[in-house]
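**Student:** generate a structure from the sequence data that follows.
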Amino acid sequence: MAPDTLNLQNPELSSNFVKLFPLEEDGITGVDNSEEKYLKFHLDRDNFVENVLKTTFLRPSEYTWSRNALFPEEVKKVIVEFSSPNIAKPFHVGHFRSTIVGNFVANINKAVGHQVTKINYLGDWGTQFGLLIAGLEHTETDVDEIKRDPIKVLLDVYVKANALADEDPEFALKARNAFSGLENGDQDKLDIWEMCRDFTIKELEKNYLKLNVEFDHYHGESMYSSEKSKQVIQRLRDEDLVEDLEDGRKVIDLDENNRVTIIKSDGTSLYITRDIAAALDRREKFGFEKMIYVVDNAQGHHFQNLFKILSRLGCGWSQECQHVKFGKILGISTRRGNMVYISDLMEEATEIMLENQEKSENTRIFGEDKLANAEAVGISALIINDLKQKTSKDYKFSWDKALAHSGDTGVKLQYTHSRLTSLVEAAAVGLENSDVTSIDTTSLQESIALELVYHIARYDEVLSISHSNHEPHHLVQYLFVLCNTASKALKVLQVKTAPDTTTAMARLLLFHCTRKTLGEGLTVLGIKPLDKM
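**Tutor:** All right, here's what the predicted structure looks like:
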């Protein structure tokens, strides 16, 4: 047993601890061990309320939680790889979870104080680009046509090329040769590929802006194509890990039942080859101490293989590589029943929120701001609807549940934040930093006031849990309870009609801290809190 660990199953030790504990330390008025395996600390209620509210109010916006005892003290360089859509294809809803879960993982690590680098590792290499290039040549599609609607045109060409390859062996060979040309540095083919990549990134950034997501780097499999793959193969050979097969493939036997192909029989690289190269390159460039891949459950075996290969290469840091998994969204389509791209998903959510605004008597947004507000609320609702699920599980999507105004939804969270903002801004008395320390909070004796204070006090605990397992649903559920408690408190604890100024100031401080906690929580989840709805 560690010297600073107390064995609660030993009655004598726990009794001595209780006797010797210095009371009145930080507002602690008593300690007892009357329940087996538990110690109970009794706090001075007024002292606790004052400390929670004033500490919350005065906490700076740039506060890093590594200062808090519930979080790891060591600050690390952390890479988070997420989203990772494919070039020349629409931003499909299958990438939605990686995008928003990955953004949360990056945000919460940054909030703790880690130095976070966000990488979007694009699917911009592979045999599909041979098909696309051959298809563009076959259909004689020019640049001006692509510029008019890049993703639609490129997708149409790819679909036609894919179908043609199935029917025509000569075209299929042409496509394979096109990709081999890419791998070998054919400049004409590289120019076409680069054009497709640039167009796609510009389209992607429009969606990322709406989702409140930014990346530090757009990387891609192309960075680790022919030359980098050769370097990986050589390093693996140096460690005597590669076996050459008669059909031309190069493989690694990780165990009796797990043979991993790293070079195909035609000499081209595979996804895992490029992932090995990417990990080695990132370690050299960024000196990361932790790298997190936010990718769906189906890739679990791939990442197990990747981490094992890195380990066999002598990369001790492979132990700090982690795969954060997520499940599928089931049954998602537009109301018209169409296949869903992320742009369609956001557009549909905006339309529904506009319809709801028209029906609501409480709408306070008009004119040009109305559309932007509806879009922000709708997208918030989609994100919360996803993040409230356990990340590793599949879930069934429902438009009615996702965008409902009542119940535990993103709409409710944004509405509560805007309501609290309106209350704080409309208050006859204001809260200034210089005044807060002298506010008397002893009037907050109502049970709902104390319940709200206790819940605000749990924020760091919930953040710590969410950070330790990269599960956003802990934080989402906490914010739901915070909002529900705040809604009850708003009905009881009037500020304008408070019995006196002292009570009004105490209640205003309570609601200000509630809004601040809610806003910070939403920000960690990747959502911009709204001040008006």
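**Student:** now do the helices in the stretch 251-400 of the chain.
**Tutor:** Secondary structure of the stretch 251-400 of the chain (DSSP state H, counting those that start in this stretch): helices at 271-286, 300-312, 342-359, 368-387, 399-402.
**Student:** export the ones you listed to TSV and append columns for distance to E446.
**Tutor:** Heads up, the C-betas are built off the backbone N, CA and C, glycines and all. Shown next, in TSV, are these (distance: least, C-beta to C-beta, whole Å):
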stretch	distance to E446
helix 271-286	52
helix 300-312	50
helix 342-359	33
helix 368-387	29
helix 399-402	33
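**Student:** winner for burial among the ones you listed?
**Tutor:** The highest average neighbour count among the helices of the stretch 251-400 of the chain, using mean count of other C-beta atoms under 10 Å, belongs to helix 368-387 at a mean of 21.
**Student:** residues contacting Y218?
**Tutor:** Contact analysis of Y218 by C-beta atoms under 8 Å, 6 or more residues apart in numbering lists I119, N120, L122, I201.
**Student:** which residue packs closest to the second one, ignoring adjacent ones?
**Tutor:** Nearest-residue entry for N120: F215, 4.5 Å, with adjacent residues in sequence omitted and distances by C-beta to C-beta, 6 or more residues apart in numbering.
**Student:** for the chain, what's the longest strand?
**Tutor:** Criterion DSSP state E: the longest strand present in the chain is strand 115-122.
**Student:** who does that strand touch, helix- and strand-wise?
**Tutor:** Under the contact definition 3 or more C-beta pairs under 8 Å, 6 or more residues apart in numbering; DSSP states H and E, strand 115-122 sits against strand 77-81, helix 96-112, helix 187-210, strand 217-220, helix 271-286.
**Student:** angle of it against helix 187-210?
**Tutor:** 130 degrees (axes from the mean of the first three to the mean of the last three C-alpha atoms, to 10 degrees).
**Student:** quick revisit: JSON lines please, covering the helices of the stretch 251-400 of the chain and showing distance to F91 and mean pLDDT.
**Tutor:** JSON lines is the format used below for the helices of the stretch 251-400 of the chain (distance: least, C-beta to C-beta, whole Å; pLDDT from 0 to 100):
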{"stretch": "helix 271-286", "distance to F91": "20", "mean pLDDT": "95"}
{"stretch": "helix 300-312", "distance to F91": "22", "mean pLDDT": "97"}
{"stretch": "helix 342-359", "distance to F91": "5", "mean pLDDT": "89"}
{"stretch": "helix 368-387", "distance to F91": "14", "mean pLDDT": "93"}
{"stretch": "helix 399-402", "distance to F91": "19", "mean pLDDT": "89"}
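**Student:** the residue found closest to Q128 once you drop the neighbours it is linked to in the chain: how many residues sit nearby?
**Tutor:** Nearest non-adjacent residue to Q128, counting by C-beta to C-beta, 6+ apart: Y158, 7.0 Å away. Look at Y158: counted by other C-beta atoms under 10 Å, it has 20 neighbours.
**Student:** was I right to think Y158 contacts I133?
**Tutor:** No: Y158 is beyond contact range of I133, at 10.1 Å (criterion: C-beta atoms under 8 Å).
**Student:** how about the strands in the stretch 1-150 of the chain?
**Tutor:** Under the criterion DSSP state E, counting those that start in this stretch, the stretch 1-150 of the chain contains strands at 28-32, 40-43, 77-81, 115-122.
**Student:** who's in contact with the shortest one?
**Tutor:** The one in question is strand 40-43. Against strand 40-43 from outside (C-beta under 8 Å, 6+ apart): G27, I28, T29, G30, V31, D32, N33, S34.
**Student:** what pairs with it, parallel or antiparallel?
**Tutor:** strand 28-32 (antiparallel) (DSSP bridges).
**Student:** the strand it pairs with: how far from the chain's middle?
**Tutor:** Remark: strand 28-32 is offset 40 Å from the chain centroid, using C-alpha atoms, centre = their mean, to the nearest Å.
**Student:** going forward, the N-terminal residue is numbered 2.
**Tutor:** In the new numbering, first residue 2, that becomes strand 29-33.
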